[in-house]
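A.B. asks: Provided below for reference: sequence and predicted model.
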Amino acid sequence: MKIKVRKSQLNGEILVPGSKSHTIRAIAIASVAEGTSFIRCPLVSEDTLSALYAAEALGTKIEKEEKVWMITGTGGEFEILPGLIDMGNSGTSLRIFTALAAMGNVEVAFDGDDSLRSRPMGQLLNALQELGVEVESNNGKCPLNVCGPAKGGKTVVDGTSSQFVTALLIALPLAENDSFVKVKNLNEIPYVEITLGWLAKQGISIEYSDDLSYFHIIGGQNYKSFDSFIPADFSTAAFPLVGAALTQGTVTIRNLDFSDLQGDKAVFNYLQMMGTDIAHSGNKTVISTEKKLKGMEFDLNATPDALPVMAVAGACSEGTTYLTNCPQARIKETDRISCMAYELRKFGCKVKELDEGLIIEGNPKLQGAEVNGYSDHRIVMALTIAGMIAEGETIISTAESAAVTYPSFIDDFKKLGADITIL
């Protein structure tokens, strides 16, 4: 699907969908818990539905009602359905459910779309092999098979993607013996902290170093059913935030919880530093800006998902913006560093690509262009924001991929005043 975007100003109120990170962790834990869990206000998107599909394939019973999912878990005793588990485009779900499947003693096969097949799994698979899991893969990528059970013991995992660490932390309490996990090159620390928050609520016994480079996970533990609300997604909230700031409108986001552990709430601080006015009152966050933003330097190691939209913020600001220390942005749904550099140049931006980030010279007069969304939800949404600033028309391909995390993206932004047409 292609969309056409024209210069716009955003104004009004909006509710941000639930957190993808929290929703997928909730599904995974509920799937191996004893009893029935209630997940309230979950994110309903392609990625979370992939997680539900994987949970069902491992024997979980699922009932869906409006704004609540009821998941009856397996208690760690999987009833594997025959056939391949198709994870679609969800890297988080693939990694977590691969590790969970490795706790059972039946071979389980996973695959996904072309994008997911390009994403590395070798670091996680190597760690599982050290714990006694049999693994087959396509050179460390999908399609892949695992057959456990993981017995516990010592292993090392590369944390270039925090999802490898999260997968082990959720799965290994189910192992028969204790596990000792050493983590190298840990990126995206807030995502591991979200996982640890869920484990703490479950009463899972785990010891770890202050820098999260070492974990001692007690084996033979059980998960219990729960009743939990899913908080709003700060990664998604970054788009109305940046859209309001760049179009110099006023947007109120009504459901953000700044006490939550999500790392991408830092994007609100980034935009304030660049000159955005942000006010908090109760459960309302009001964004308004009457002047051009100022380019700055940001270390995005903890917030790599913000790179596409922050690149657009830098492109529309005065001066130079430096987005650094996020090499993991190259192994997301796409190589987001390379893709954003290439597409922003089409708008007339001067962009220098670094190994671990971007240097962007602000351009107050972006020109509309025909750009590629690369079937990457965050790139599509970021380029849509750019199209609201640019002169003329911007055509964006693969716009349907926004549904991976934000199914109502186009409708919500049109209600705020965005000039978006589906072609």
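C.D. replies: Happy to help now that I have it. Residues are numbered from 1 along each chain as shown.
A.B. asks: and the helix or strand containing Asn145, what's its mean pLDDT?
C.D. replies: Here Asn145, judged by DSSP states H and E, is contained in strand 144-147. Computed over strand 144-147, the mean pLDDT rounds to 96.
A.B. asks: where do the strands sit along the stretch 1-150 of the chain?
C.D. replies: 3-6, 11-14, 33-34, 36-40, 61-65, 68-72, 85-86, 108-111, 134-137, 144-147 (DSSP state E, counting those that start in this stretch).
A.B. asks: need those strands in CSV (columns: distance to Glu400).
C.D. replies: Using the backbone N, CA and C atoms, a C-beta is placed for each residue, glycine as well. As requested, those are arranged in CSV below (distance: least, CB to CB, whole Å):
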stretch, distance to Glu400
strand 3-6, 9
strand 11-14, 21
strand 33-34, 34
strand 36-40, 25
strand 61-65, 22
strand 68-72, 24
strand 85-86, 18
strand 108-111, 21
strand 134-137, 29
strand 144-147, 27
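A.B. asks: for those, give me TSV that also has distance to Asn363 and mean neighbour count.
C.D. replies: Formatted as TSV, the strands of the stretch 1-150 of the chain follow (distance: least, CB to CB, whole Å; neighbours: other CB atoms under 10 Å):
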stretch	distance to Asn363	mean neighbour count
strand 3-6	17	20
strand 11-14	24	16
strand 33-34	51	18
strand 36-40	43	19
strand 61-65	46	13
strand 68-72	45	19
strand 85-86	42	20
strand 108-111	42	21
strand 134-137	43	15
strand 144-147	43	21
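A.B. asks: out of those, which comes closest to Thr285?
C.D. replies: For the strands of the stretch 1-150 of the chain, the distance to Thr285 is smallest for strand 11-14, at 10.1 Å, taking CB to CB.
A.B. asks: other SSEs contacting that closest one?
C.D. replies: strand 250-253, helix 409-415 (3 or more CB pairs under 8 Å, 6 or more residues apart in numbering; DSSP states H and E).
A.B. asks: neighbours of the closest residue in space to Ile360 that isn't next to it in sequence, how many?
C.D. replies: Once its chain neighbours are removed from consideration, Ile360 has its nearest residue in Gly314; the separation is 3.9 Å (CB to CB, 6 or more residues apart in numbering). Neighbour count of Gly314, defined by other CB atoms under 10 Å: 28.
A.B. asks: just checking, Gly314 touches Thr321?
C.D. replies: Yes - applying CB atoms under 8 Å as the test, Gly314 and Thr321 come out as touching, 2.8 Å apart.
A.B. asks: before we move on, the earlier item: now the helices and strands packed on strand 11-14 in TSV, with distance to Gly348, mean pLDDT and mean neighbour count?
C.D. replies: As requested, these are exported to TSV (distance: least, CB to CB, whole Å; pLDDT from 0 to 100; neighbours: other CB atoms under 10 Å):
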stretch	distance to Gly348	mean pLDDT	mean neighbour count
strand 250-253	26	98	20
helix 409-415	23	97	18
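A.B. asks: reformat those as JSON lines; add distance to Leu15.
C.D. replies: Compiled in JSON lines, the helices and strands packed on strand 11-14 are given as follows (distance: least, CB to CB, whole Å):
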{"stretch": "strand 250-253", "distance to Leu15": "8"}
{"stretch": "helix 409-415", "distance to Leu15": "8"}
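A.B. asks: and Asn283, which of these is closest to it?
C.D. replies: Sorting these by CB to CB, the top spot, which is the nearest, belongs to strand 250-253 at 9.2 Å.
A.B. asks: and after that closest one, which helix or strand comes next?
C.D. replies: The C-terminal neighbour of strand 250-253 among helices and strands, as given by DSSP H and E, is helix 266-274.
A.B. asks: list the helices and strands that following helix packs on?
C.D. replies: On a contact count with 3+ CB pairs under 8 Å, 6+ apart, helix 266-274 meets helix 234-247, strand 277-281, helix 307-315.
A.B. asks: give the rounded mean pLDDT of stretch 68-76.
C.D. replies: The pLDDT scores in stretch 68-76 average 95.
A.B. asks: okay, that stretch in PDB with CA atoms only?
C.D. replies: Extracted in PDB, the C-alpha atoms of stretch 68-76 (Å, rounded to 0.1, in the frame of the first residue of the first chain):
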ATOM      1  CA  VAL A  68      -8.900  -8.100  27.400                       C
ATOM      2  CA  TRP A  69      -7.200 -11.300  26.500                       C
ATOM      3  CA  MET A  70      -7.700 -14.400  28.700                       C
ATOM      4  CA  ILE A  71      -4.800 -16.800  28.400                       C
ATOM      5  CA  THR A  72      -4.700 -20.200  30.100                       C
ATOM      6  CA  GLY A  73      -1.100 -21.300  30.400                       C
ATOM      7  CA  THR A  74       0.500 -24.600  30.100                       C
ATOM      8  CA  GLY A  75       2.300 -24.500  33.500                       C
ATOM      9  CA  GLY A  76       5.500 -25.200  31.500                       C
END
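A.B. asks: okay, now the unreliable bits of the stretch 101-250 of the chain?
C.D. replies: Scanning the stretch 101-250 of the chain with the threshold set as pLDDT under 70 gives no residue ranges.
A.B. asks: what sits against Gly59?
C.D. replies: Listed by CB atoms under 8 Å, 6 or more residues apart in numbering, the contact set of Gly59 reads Thr74, Glu77, Phe78, Glu79, Ile80, Leu81.
A.B. asks: tell me the pLDDT of the residue nearest to Lys2 when sequence neighbours are not counted.
C.D. replies: In this structure, Lys2 finds its nearest non-sequential neighbour in Leu423, 4.4 Å apart by CB to CB, 6+ apart. As summarised for this prediction, Leu423 has a pLDDT of 95.
A.B. asks: quick one: the nearest residue to Asp227 once chain neighbours are set aside and Asn269, what's the gap?
C.D. replies: Once its chain neighbours are removed from consideration, Asp227 has its nearest residue in Phe38; the separation is 4.3 Å (CB to CB, 6+ apart). Using CB to CB, to the nearest Å, we find Phe38 at a distance of 33 Å from Asn269.
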